[in-house]
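Participant: Could you look at this predicted model? Sequence included:
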2 protein chains.
Amino acid sequence: MKTSESKYCQCLYFTANALARKIEKLAQVSWRKVDLSPSHAYLLMMAIDEPGVQPSTLVDHLQLQPSTITRLLEKLEARKLVVRITEGKTTNVYPTQKGKDLLPRLKECLHEFYSRYASLLGKEESAKLVQSMNKFADKLIV
Amino acid sequence: MKTSESKYCQCLYFTANALARKIEKLAQVSWRKVDLSPSHAYLLMMAIDEPGVQPSTLVDHLQLQPSTITRLLEKLEARKLVVRITEGKTTNVYPTQKGKDLLPRLKECLHEFYSRYASLLGKEESAKLVQSMNKFADKLIV
DNA sequence: TCCCATTATTTGTATATACAAATATAAACT
DNA sequence: AGTTTATATTTGTATATACAAATAATGGGA
């Protein structure tokens, strides 16, 4: 059944979640090559792009709760893709060499993901959708 | 930090999930009164609206996996809000009296949720967003 | 200088969701 | 009729995510 044929397709809760789940799946497929979940992949990319980034910054940019960031980091650290160096009350996250080596493949996955969804709805259309979702999300006070 | 200020706000994966999480929270607050998660609430409403509905139909309309529907039903059944009657390979889900009694309050929650988000972005705007999200979701082959 | 409030992060625990395999029944084909 | 295929549901297990409490460190005021 199509999402728009569901009994609840007029409901924002239902639609937003249904869409997010479908996109999640698309993303999972795209990142399977590097054996990372999309969240882990984005986090790793951020650590590569900004070595020494702090968990609190990751919280802001990934819009996840601190505990979730900790859990994601634990996993990446266990896989030796990042290291956490704690000093005082702050922690810095650095990519390991192994993590940095993964970058080209991460970019491939990202590109694959983008082209997958762009081919499904068109570049412009999807950019527009992203924009209105952002606008809406901004108005939803945390 | 606003969603649109994040490093990844141009990415569909990030945006769709960030939005869904925020809406999830808004919905959770709205349904707290009846002590149900939004998913459980929608499932219960569907069972009240369509007594005897089968899990497979719930799978279609809520766009969740069969195992997820089973788990949601288990909880509602444990709370004596629905009963499952299995005959052969099919199962029928009926609301209990206790479940049916909850309907007015469920509708209140639904209404509260709607007015909350309508007041944040406007009725028309949000309806439009829901429509484009549906359109997009339809194109994402399961 | 010491206490308190604030900030940063982690831990314990709980939840919704999913995948894959298992079970059980019904339908279809030979 | 008997065997195979398809359908409906549940179970076992795993995952991302979150909340609330705990820990730890910093900074500001008395």
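Facilitator: Done, it's in. Residues are numbered from 1 along each chain as shown, chains lettered A, B, ... in the order given.

Participant: now the helices for chain A?
Facilitator: Applying DSSP state H to chain A gives helices spanning A:12-31, A:38-49, A:55-62, A:66-78, A:97-101, A:103-121, A:123-139.

Participant: Figure out which of those is closest to A:Thr86.
Facilitator: For A:Thr86, the closest of the helices of chain A is helix A:55-62, at 10.0 Å, according to C-beta to C-beta. For the C-beta atoms, the positions are set from N, CA and C on the backbone; glycine is no exception.

Participant: can you tell me if that closest one touches chain B.
Facilitator: Yes: interface with chain B: helix A:55-62 contributes A:60-62 (C-beta under 8 Å from any C-beta of the partner chain).

Participant: where's the spatially most central residue of chain A relative to DNA strand D, distance?
Facilitator: What sits nearest the mean C-alpha location of chain A, by C-alpha atoms, centre = their mean, is A:Ser39, with 3.9 Å. Taking C-beta to the nearest atom of the strand, to the nearest Å as the measure, A:Ser39 falls 3 Å from DNA strand D.

Participant: cool, A:Val34 as well?
Facilitator: From A:Val34 to DNA strand D the distance is 12 Å (C-beta to the nearest atom of the strand).

Participant: Setting aside sequence neighbours, what's the nearest residue to that residue?
Facilitator: Counting by C-beta to C-beta, 6 or more residues apart in numbering or on different chains, A:Val34 lies nearest to A:Arg105, which is 5.3 Å off, once chain neighbours are set aside.

Participant: shouldn't A:Ile69 be in contact with A:Val59?
Facilitator: Yes: under the criterion of C-beta atoms under 8 Å, A:Ile69 is in contact with A:Val59, at a separation of 5.4 Å.

Participant: Of the two, which one has the most company?
Facilitator: A:Ile69 (21 against 17; other C-beta atoms under 10 Å in any protein chain shown).
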